[in-house]
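J.: Generate a structure from the sequence data that follows.
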Amino acid sequence: MKKHVLIIYTGGTIGMAKTSSGYAPQGKTFHDLLNMLPELQDPAMPSWDMVDMDPLLDSSNITVREWNTIGQMIADHYSQYDGFVILHGTDTMAYTASALSFMLRKNRKPVILTGSQIPLCELRNDARDNLVTALLIAANDAVHEVCLYFGGKLLRGNRTLKYSADDLVAFDSPNYPPLAEAGIHIRYHHKMLLPPVEGEFALQLLQNIPIGVIKVFPGIQFDLFQSIMTEKLKGIVIETFGAGNIPGYADALLPIIRKASENGTFIIVCSQCPHGTVALGAYETSSALKEAGAISGYDITTEAAVAKLYYLFSRGLSRDEIRIRMMRSIRGEMSTPDRAEI
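T.: A predicted model of the protein is given here:
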């Protein structure tokens, strides 16, 4: 039986057209272009429908509210389709992919995010191949998770980051290999894919809780951040040097982190290095963070760490449960010895 895929169009470069103010997302124009593509009418393609998010957005304007909207659209149509393709702008695609990976609980269907660096309306573009291949992957029984397809590679959604603003291969998964590669054929690396989970699908909507991100740099004045470390701040992701290191003159930071931790704020330590893992305590300059109550993010991306914090708080878990879950992989988002779905 022919597979049935739902395309959810959120905006982004792929469907943009030139306006007097520059490129902007277009609805009808993009629909008309898709209907004229012979590839999408080919018998080898799955059947497909498309719905638009309202309003269509440049992905720089995507927020937690839009993550909830996209998640709800998937949930509302979950039983009607075999897979989903989400057309999204590239700037925040890795954030949305990470968020959806957590929100779609007990998901057994392929949810593939894609987009393009050049709009489909342009003569030379990368939109056509990204869309066609994403549709084919969304109709494949091998995939049971949220992924990002771009530039010939299928990546785990919560392992990705955008690393190029102008290359056609715009995304990378530095700490986890591709799930599939599209050459003459689409080659799936089955051992890398998540197995199907047991249980009934459910959507967890996210609460827009206060979360912050701090990137450490030479000469940083940590006392400037003291004013934001209040009880209202639920979580903060600190991008440190290397394996979790902070400057030796960070005496001002440690009391702030200790106080924030006592206030119930979770401090997650990620690395500024795209490849590798955080190892708190491996160096003297990271031991102090651990002693102050910070949590190692291991090799999780900042995008996934932010999304995971939103998710765990939205589940209404206790403080101890959130801490434990932040140090364990729950959707394949980081390399830890144990993994537990939640």
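J.: And the chain, what are its domain boundaries?
T.: 4-203, 211-326 (automatic domain parsing).
J.: Let me know the average pLDDT across the longest one.
T.: If I follow you right, that is domain 4-203. On average, the pLDDT along domain 4-203 is 95.
J.: That one: how far from the chain's middle?
T.: Centroid separation between domain 4-203 and its chain, computed with C-alpha atoms, centre = their mean, to the nearest Å, is 12 Å.
J.: what's the first-to-last distance across it?
T.: 21 Å (C-alpha to C-alpha, to the nearest Å).
J.: Could you point out which of the domains of the chain sits nearest R339?
T.: Closest of the domains of the chain to R339 is domain 4-203, at 9.5 Å (criterion: C-beta to C-beta). Quick note: C-beta positions are derived from backbone N, CA and C, even for glycine.
J.: re the thing from before, put together JSON lines for the domains of the chain, with mean neighbour count and distance to G332 on each row.
T.: Below are those laid out as JSON lines (neighbours: other C-beta atoms under 10 Å; distance: least, C-beta to C-beta, whole Å):
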{"stretch": "domain 4-203", "mean neighbour count": "19", "distance to G332": "5"}
{"stretch": "domain 211-326", "mean neighbour count": "18", "distance to G332": "10"}
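J.: so which of those domains gets nearest M334?
T.: Short answer: domain 211-326, nearest of these by C-beta to C-beta, at 4.1 Å.
J.: Centre of the chain to the closest one, how far?
T.: Using C-alpha atoms, centre = their mean, the offset of domain 211-326 from its chain centre is 19 Å.
J.: What sits closest to D49 if chain neighbours are left out?
T.: Closest residue to D49 apart from its sequence neighbours, by C-beta to C-beta, 6 or more residues apart in numbering: L6 at 5.6 Å.
J.: Just say helix, strand or coil for the one you found.
T.: Secondary structure state of L6, per DSSP: H, G, I helix; E, B strand; the rest coil, is strand.
J.: if I pick it, what's in contact with it?
T.: Residues in contact with L6 (C-beta atoms under 8 Å, 6 or more residues apart in numbering) are W48, D49, M50, V51, I74, H77, Q80, Y81, G83, F84, V85.
J.: Repeat the analysis, applying 10 Å as the threshold.
T.: Contact analysis of L6 by C-beta atoms under 10 Å, 6 or more residues apart in numbering lists 48-51, 73-74, 76-78, 80-86, 111, 138.
J.: taking these one by one, which sit in strands?
T.: Under the assignment DSSP state E, those contribute W48, D49, M50, V51, G83, F84, V85, I86, V111 to strands.
J.: tell me the contacts of the fifth one?
T.: By C-beta under 10 Å, 6+ apart, the contact list for G83 reads 3-6, 46, 48, 109-112, 134-141, 143.
J.: looking at this, T240 is in a strand?
T.: Yes - the assignment for T240 by three-state DSSP puts it in a strand.
J.: distance of it from T160?
T.: 21 Å (C-beta to C-beta, to the nearest Å).
J.: again with G219
T.: 31 Å.
J.: repeat for A294
T.: 25 Å.
J.: for L135, same thing?
T.: 19 Å.
J.: Repeat that for V216.
T.: Applying C-beta to C-beta to V216 and T160 gives a distance of 23 Å.
J.: what about the nearest residue to N68 once chain neighbours are set aside, distance to A94?
T.: Nearest non-adjacent residue to N68, counting by C-beta to C-beta, 6+ apart: L205, 4.9 Å away. To A94, L205 is 20 Å away according to C-beta to C-beta.
J.: tell me the mean pLDDT for stretch 212-225?
T.: Rounded mean pLDDT across stretch 212-225 is 85.
J.: Now do the end-to-end distance for that stretch.
T.: Note: stretch 212-225 ends 10 Å apart using C-alpha to C-alpha.
J.: for stretch 193-213, same thing?
T.: 30 Å.
J.: for it, the distance to its chain's centre please.
T.: Counting by C-alpha atoms, centre = their mean, stretch 193-213 comes out at 11 Å from the chain centroid.
J.: and A282, what does it touch?
T.: Applying C-beta under 10 Å, 6+ apart, the residues near A282 are G242, A243, G244, N245, K290.
J.: So which of the residues you listed belong to helices?
T.: K290 (DSSP state H).
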